[in-house]
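Engineer: pasting the sequence and the predicted coordinates here, then a few questions.
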Amino acid sequence: MKNCPGKDGFRRSRNLFFGTLLLVLGAGLLLASCSDFYSSTWGDAFVRDPSKVNVNSSNVYELLKDANGDTKASRAILEKLKGTTDPKLQAAAVKAANQAAGLTGLVLSNLDTVTGANADNPDSLKGLASSVLGEAKKNDIKGVADGIVETLTVTTGTPPKFEGDFADSVSTSDLTLLLVTMMMAEVEAQEIEGDNPFDKYAEDWGTKKKIDGTGLNGNERVIAAIANEVKDRPDSNLGKMLKELVGE
């Protein structure tokens, strides 16, 4: 994407929220197709009455494609998938959660502000930070995160890792965006306040909170499991950027 800051811009940033927005951009999800919503037979039935559609491995990705850009429909799909032990459906739940949180859309709608912001001047991002976090709350980002915690099983030992092999079929982009979604949900859940609450929360990673499992609650163990999955994927620039955010 033209004018999309890369990992070097992320590393230069002194503002963690700014760097995180660059990480979302770097995930490449802004290039997702803008297909017509509910263009398929399954999609039409789902929007009329989600309770009457059985979401399964045969139709889930068709439903997700039709729900792309619709946070409420994506959230309804996530609710259908909550608690599944099917690896394919767990992978679909990651995409459903990302679409339900709507972070890529929020960043895209503020793209000029993101790319024109001065990372060395936190004041230039106060309004954007409040806007993105406020809109994410409207999408019930905390509820989205809780749904993921009920669906993805993390090992009880250290370091936290996902059980099963579902993550093998999930893109690095989707996992990275889910990590950001989970972190923003924690900002809300922990009721962190101030001009830049995301930075206040993120600054604890790598010190008080570690991806080896130190100092983490249940939701944060999912964050750590994502980091442990992504950080060592070969040739993953996103993994390198992610380590800048949560440490090792």
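Structural biologist: Yes, it's here. These numbers come from a predicted model, not from an experiment. Numbers count the residues shown, from 1 in each chain.
Engineer: which helix runs longest in this structure?
Structural biologist: Secondary structure of the chain read by DSSP state H shows that its longest helix is helix 172-189.
Engineer: gap between the most centrally placed residue in the chain and residue 195?
Structural biologist: Central residue of the chain (CA atoms, centre = their mean): residue 178, 2.4 Å from the mean position. According to CB to CB, to the nearest Å, residue 178 and residue 195 sit 26 Å apart. Every residue, glycine included, has its C-beta placed from N, CA and C.
Engineer: repeat for residue 160
Structural biologist: 31 Å.
Engineer: which of the two has more neighbours?
Structural biologist: Neighbour count, other CB atoms under 10 Å: between residue 160 and residue 195, residue 160 has more, with 23 against 12.
Engineer: tell me where the protein has strands.
Structural biologist: Read by DSSP state E, the chain holds no strands at all.
Engineer: pass me the low-pLDDT residue ranges in this structure, would you?
Structural biologist: 1-19, 21-22, 24-51, 108-130, 235-236 (pLDDT under 70).
Engineer: helices along that one, start to end?
Structural biologist: 7-12, 16-26, 41-48, 60-67, 71-81, 87-101, 103-109, 111-116, 123-138, 141-151, 172-189, 197-202, 218-230, 237-246.
Engineer: could I get those helices in CSV, plus columns for distance to residue 210?
Structural biologist: Shown next, in CSV, are those (distance: least, CB to CB, whole Å):
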stretch, distance to residue 210
helix 7-12, 20
helix 16-26, 16
helix 41-48, 41
helix 60-67, 33
helix 71-81, 28
helix 87-101, 23
helix 103-109, 24
helix 111-116, 29
helix 123-138, 24
helix 141-151, 19
helix 172-189, 14
helix 197-202, 13
helix 218-230, 8
helix 237-246, 9
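Engineer: can you tell me the distance between the two ends of stretch 188-205?
Structural biologist: Distance between the two ends of stretch 188-205: 16 Å, counting by CA to CA, to the nearest Å.
Engineer: mind listing what's buried along that stretch?
Structural biologist: With burial defined by 16 or more other CB atoms under 10 Å, the residues of stretch 188-205 counted as buried are 188, 189, 196, 197, 198, 199, 200, 201, 202, 205.
Engineer: now stretch 166-181
Structural biologist: 166-167, 170-181.
Engineer: export it to CSV, keeping only CA atoms.
Structural biologist: C-alpha atoms of stretch 166-181 as CSV (Å, rounded to 0.1, in the frame of the first residue of the first chain):
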residue,chain,number,x,y,z
PHE,A,166,-5.5,-24.5,14.6
ALA,A,167,-3.0,-21.6,14.5
ASP,A,168,-1.2,-23.3,11.7
SER,A,169,-4.0,-22.3,9.3
VAL,A,170,-4.3,-18.7,10.6
SER,A,171,-2.4,-16.0,8.9
THR,A,172,0.2,-13.9,10.7
SER,A,173,-1.9,-10.9,9.8
ASP,A,174,-5.0,-12.2,11.5
LEU,A,175,-3.1,-13.3,14.6
THR,A,176,-1.4,-9.9,14.9
LEU,A,177,-4.6,-8.0,14.6
LEU,A,178,-6.2,-10.3,17.2
LEU,A,179,-3.4,-9.5,19.6
VAL,A,180,-4.0,-5.7,19.1
THR,A,181,-7.7,-6.3,19.6
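Engineer: what's next to it, contact-wise?
Structural biologist: Stretch 166-181 has contacts (CB atoms under 8 Å, 6 or more residues apart in numbering) with 20, 23-24, 26-29, 87-88, 90-91, 94-95, 97-98, 101, 103-104, 141, 144-145, 148, 152, 223, 226-227, 229-230, 233, 236, 238-239, 241-242, 246.
Engineer: swap in stretch 138-152?
Structural biologist: Outside stretch 138-152, the residues that touch it by CB under 8 Å, 6+ apart are 71, 75, 78-79, 81-84, 90, 93-94, 97, 100-102, 162, 166, 178, 181-182, 184-186, 188-189, 218-219, 222, 225.
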